[in-house]
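A.B. asks: here's a sequence, model it:
(chains A, B, C and D)
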2 protein chains.
Amino acid sequence: MNNLNEMAAFRSSPELVAKLNSVSIRKRLKAGSLLLQPEGQIRSILIVARGSLKVSRMDDEGRELLLYYIRAGESCVMSVLGGLHHDTSKVKAEVEEDAEILFLPIEQLPWLIREYPEWLDYIFRLYHKRFEELLDVVNAIAFKRMDERLLVLLRKKQELVGKDSIAATHEQLANELGTARVVISRLLKQLEDSGKVELGRGWLRLL
Amino acid sequence: MNNLNEMAAFRSSPELVAKLNSVSIRKRLKAGSLLLQPEGQIRSILIVARGSLKVSRMDDEGRELLLYYIRAGESCVMSVLGGLHHDTSKVKAEVEEDAEILFLPIEQLPWLIREYPEWLDYIFRLYHKRFEELLDVVNAIAFKRMDERLLVLLRKKQELVGKDSIAATHEQLANELGTARVVISRLLKQLEDSGKVELGRGWLRLL
DNA sequence: GTCACCTTGTAGCAAGCGCCACCGCTACAA
DNA sequence: TTGTAGCGGTGGCGCTTGCTACAAGGTGAC
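C.D. replies: Residues are numbered from 1 along each chain as shown, chains lettered A, B, ... in the order given. You can find the predicted model right below:
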């Protein structure tokens, strides 16, 4: 999927895709690359052409919490909002799976919205999706226990990579859930005992 | 403040205000009235002309959690998103202080956006604000203890009503923080002992 | 092979918080 | 005045989670 044309969100408007490609800069980035960081200036709007991004929220003491993933064909609403209003990013965004990103300069945004109603529609849809995902995150941390949140995270990760084996250390999982490594090790052990996962060093598998 | 013209967000465009007034239905509603409920259909976009709304998230076991307030001059982004995409509401919205609400039929939204760029700008600004407020809620429940969250809530309430005395029972505060009444009573007692609040029956005051 | 580093398992402890049970007090209406 | 319903204070218990500490096994560089 190297071309936006192939993605559902853009299939209906090859003209828009051509325009986006022509005014953006395209870069290949390895997993782990940092795209936005808290307090950081926003210069471009990010559109994911291939791979995926991970968006997290951080607190002042260095703890972290996964908010959602951005998949191929989607864009980062934080970069749109921050860009539009010349505000800094309030989240961290990094490459989860090796990715190709379109960097759309924020100056281009106003007239793109004017000229291409389908672009505005695309943005609204993304907002809607992210807003509901954020609400789900709120529900999870407010009302669910850690073991359930862990299972949900593992299922999300499995779906994201499309394989049955997930590459992650307990430490990484702990960071994404905003908790400590020992807690995750403990819970994973319980899940293994009850036959729900298979554990390995640096990987695990849902059963 | 009975007239949208007087509000910062609309001051620059009396023409837009006139149009909004002419295509909307205006209603006065008492504190406690329900405007949106989870799974409920969305027929209009809500614009608060006077008073304030309270938006909460609920879980399946009846627990509740305050997300943010909507003040005079602001609109409800959930109703905009839900309306645009013919989706149901994912939150509860109720009147916090006696209010006057404009109900803008969703059919009007597309052409209002086309005709009035300042209206789109208004919506984007609200999104931005709500998104960041949601991120703050996420941070609070993920990383803060209940006593600090309680203090923050009390300060927000005080600012909202503009008086130094806050009318609320422990039960209500507990609901807004997604916890139990005893927990709030306990914490309030501690806050009283450390001289940070003054307690009464059905009211309290920050010192 | 060995050394250093990373990952995981496990035990133990304490804080935070949800929940139950119960009591006393206040406010208001009959 | 008495009844009643709602509100708030308190003690106690147990679960979940965060944290420290340490041991054991894996992995890759040299």
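A.B. asks: going along the chain, name the strands of chain A.
C.D. replies: A:25-29, A:34-36, A:44-58, A:64-71, A:92-105, A:165-167, A:197-200, A:203-206 (DSSP state E).
A.B. asks: so how far is the longest one off the chain centroid?
C.D. replies: If you compare the mean C-alpha spot of strand A:44-58 with that of the full chain, they lie 5 Å apart, counting by C-alpha atoms, centre = their mean, to the nearest Å.
A.B. asks: ok, it near DNA strand D or not?
C.D. replies: No. Using C-beta under 7 Å from any atom of the strand, strand A:44-58 never reaches DNA strand D; the gap is at least 14.5 Å. For every residue, glycine as well, the C-beta is placed using N, CA and C.
A.B. asks: and that strand, average pLDDT?
C.D. replies: Across strand A:44-58, the average pLDDT comes to 95.
A.B. asks: what helices or strands is it leaning on?
C.D. replies: When contacts are defined as 3 or more C-beta pairs under 8 Å, 6 or more residues apart in numbering or on different chains; DSSP states H and E, strand A:44-58 packs onto strand A:25-29, strand A:34-36, strand A:64-71, helix A:77-84, strand A:92-105, helix B:117-143.
A.B. asks: redo that, cut-off 7 Å
C.D. replies: In terms of contacts (3 or more C-beta pairs under 7 Å, 6 or more residues apart in numbering or on different chains; DSSP states H and E), strand A:44-58 is packed against strand A:64-71, helix A:77-84, strand A:92-105, helix B:117-143.
A.B. asks: where does chain A dip in pLDDT?
C.D. replies: Scanning chain A for pLDDT under 70 picks out A:1-9.
A.B. asks: residue of chain A closest to DNA strand C, please.
C.D. replies: As assessed by C-beta to the nearest atom of the strand, DNA strand C sits closest to residue A:169 within chain A, at 3.3 Å.
A.B. asks: residue contacts, that residue?
C.D. replies: Contacts for residue A:169 (C-beta atoms under 7 Å, 6 or more residues apart in numbering or on different chains) come out as residue A:202.
A.B. asks: grab the nearest non-local neighbour of the spatially most central residue of chain A.
C.D. replies: Geometric centre of chain A, nearest residue: residue A:69, 2.2 Å, by C-alpha atoms, centre = their mean. Nearest non-adjacent residue to residue A:69, counting by C-beta to C-beta, 6 or more residues apart in numbering or on different chains: residue A:52, 5.4 Å away.
A.B. asks: count residues in the vicinity of the one you found, would you?
C.D. replies: By other C-beta atoms under 10 Å in any protein chain shown, 18 other residues sit near residue A:52.
A.B. asks: thought it was touching residue A:68?
C.D. replies: No. Taking contacts as C-beta atoms under 7 Å, residue A:52 lies outside contact range of residue A:68: 10.4 Å.
A.B. asks: returning to that earlier point: dump the strands of chain A to a markdown table, plus distance to residue B:108.
C.D. replies: Output for these, formatted as a markdown table (distance: least, C-beta to C-beta, whole Å):
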| stretch | distance to residue B:108 |
| --- | --- |
| strand A:25-29 | 38 |
| strand A:34-36 | 35 |
| strand A:44-58 | 28 |
| strand A:64-71 | 31 |
| strand A:92-105 | 30 |
| strand A:165-167 | 47 |
| strand A:197-200 | 51 |
| strand A:203-206 | 47 |
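A.B. asks: winner for burial among those?
C.D. replies: strand A:44-58 (a mean of 22; mean count of other C-beta atoms under 10 Å in any protein chain shown).
A.B. asks: got the angle for that strand vs helix A:77-84?
C.D. replies: 120 degrees (axes from the mean of the first three to the mean of the last three C-alpha atoms, to 10 degrees).
A.B. asks: enumerate every residue touching the closest residue to residue A:185 other than its chain neighbours.
C.D. replies: Leaving aside its chain neighbours, residue A:185 sits nearest to residue A:170 (5.0 Å; criterion: C-beta to C-beta, 6+ apart). By C-beta under 7 Å, 6+ apart, the contact list for residue A:170 reads A:181, A:184, A:185, A:188.
A.B. asks: now residue A:170: how far from residue A:58?
C.D. replies: 20 Å (C-beta to C-beta, to the nearest Å).
A.B. asks: what do you get for residue A:163?
C.D. replies: Residue A:163 is 29 Å from residue A:58, by C-beta to C-beta.
A.B. asks: got the residues of chain A near chain B?
C.D. replies: Applying C-beta under 7 Å from any C-beta of the partner chain, we find that chain A lies next to chain B at A:57, A:59, A:63, A:65, A:81, A:84-85, A:90, A:124-125, A:127-128, A:131-132, A:134-135, A:137-139, A:141-143, A:178.
A.B. asks: pull out the buried members of these.
C.D. replies: A:57, A:59, A:63, A:65, A:81, A:84, A:90, A:124, A:127-128, A:131-132, A:134-135, A:137-139, A:141-143, A:178 (16 or more other C-beta atoms under 10 Å in any protein chain shown).
A.B. asks: that older thread, so what's the residue nearest to residue A:69 up against?
C.D. replies: Residue A:52 neighbours (C-beta under 7 Å, 6+ apart): A:69, A:70, A:71, A:72, A:96, A:97, A:99, A:160.
A.B. asks: spatially, which two of those residues are the most separated?
C.D. replies: Spatial extent of the contacts of residue A:52 (C-beta to C-beta) is set by the pair A:99 and A:160 at 12.4 Å.
A.B. asks: residues of chain A that sit close to DNA strand D?
C.D. replies: So far as C-beta under 7 Å from any atom of the strand goes, chain A lies against DNA strand D at A:145, A:146, A:147, A:178, A:179, A:180, A:182, A:183, A:187, A:201.
A.B. asks: shouldn't the fifth one be in contact with residue A:145?
C.D. replies: Right, residue A:179. No. At 11.2 Å, residue A:179 and residue A:145 do not qualify as touching, with contact defined as C-beta under 7 Å.
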